[in-house]
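> The sequence and its predicted three-dimensional model are supplied below.
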Amino acid sequence: MLFIIFYGIINKVDVYDTFIEGVKESFSMIYNLFPTFIGMILAINLFTTSGFLDFIFNFVKPILNEDIIPAEILPLAIIRPISGSASLAYLNNLFTTYGPDSFIGLLGSVIQGCTDTTLYVIGLYFGSIGIKKIRYSLFASLFADLIGIIASIILVNMLFK
């Protein structure tokens, strides 16, 4: 902050007026982002509270090998591409239940760190600049998340078991 102020003083720029102009220009951006942001929040809340995650969890749980992929990690892997705050809350729940140094805590931490909130990023940022054809970006991003989850499982099993 001080660098910006001193730079403005040295170059004889009215820092406060320039700041106010920037704030005024940002209102149009906020106006364009607001509907996309509200739509994403609504969709995320509907998905996480609908019970669909429980359905997937109960369907896949018998298939998993508990020694390699704990079933408790599955909701985190599903929620992470959708919502960062929901996945962080679920990771905190895993820490509370199993501990941060447990295998489940370590695996959850690595999954949280090497994946991204793909649907949020695509919905908000692409929506803000008007990109409507997201098919290939969505596929590539979700594929990268899947590779991140698989790599997390492999690496944590190799390093911490």
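Great, that's in hand. Numbers count the residues shown, from 1 in each chain.
> Would you tell me what the next helix or strand after whatever helix or strand N45 lives in is?
Assigned by DSSP states H and E, N45 belongs to helix 15-49. Next helix or strand after helix 15-49 toward the C-terminus (DSSP H and E): helix 52-60.
> in that following helix, what counts as buried?
For helix 52-60, the neighbour count (16 or more other C-beta atoms under 10 Å) marks L53 as buried. Where C-beta positions appear, they are placed from N, C-alpha and C, glycine not excepted.
> Which elements pack onto it?
helix 74-79 (3 or more C-beta pairs under 8 Å, 6 or more residues apart in numbering; DSSP states H and E).
> which residues sit against the helix it packs on?
The contact list for helix 74-79 (C-beta atoms under 8 Å, 6 or more residues apart in numbering) reads 48, 53, 56-57, 60-61, 64, 86-87, 90-91, 94, 108, 111-112, 115, 149.
> now with 6 Å?
Helix 74-79 has contacts (C-beta atoms under 6 Å, 6 or more residues apart in numbering) with L53, F57, A86, S87, Y90, G108, I111, I149.
> and if you look at stretch 86-99?
Contacts of stretch 86-99 (C-beta under 6 Å, 6+ apart): T48, P75, L76, I79, R80, I104, G105, G108, Q112.
> got a list of what V15 touches?
V15 neighbours (C-beta under 6 Å, 6+ apart): I5, G8.
> top of the contacts of stretch 86-99 by neighbour count?
G108 (29 neighbours; other C-beta atoms under 10 Å).
> Need the pLDDT of S109.
pLDDT recorded at S109 is 96.
> residues near I82, how many?
Neighbour count of I82, defined by other C-beta under 10 Å: 19.
> all numbers from here: first residue = 44
Let's use 44 as the start, then, which means that last one is I125.
> tell me the secondary structure for it?
coil (DSSP: H, G, I helix; E, B strand; the rest coil).
> Next up, phi/psi of it, please.
phi -100, psi -50 (degrees, to the nearest 10).
> quick check, nearest of the contacts of stretch 129-142 to E68?
Nearest to E68 among the contacts of stretch 129-142, counting by C-beta to C-beta, is R123 at 33.8 Å.
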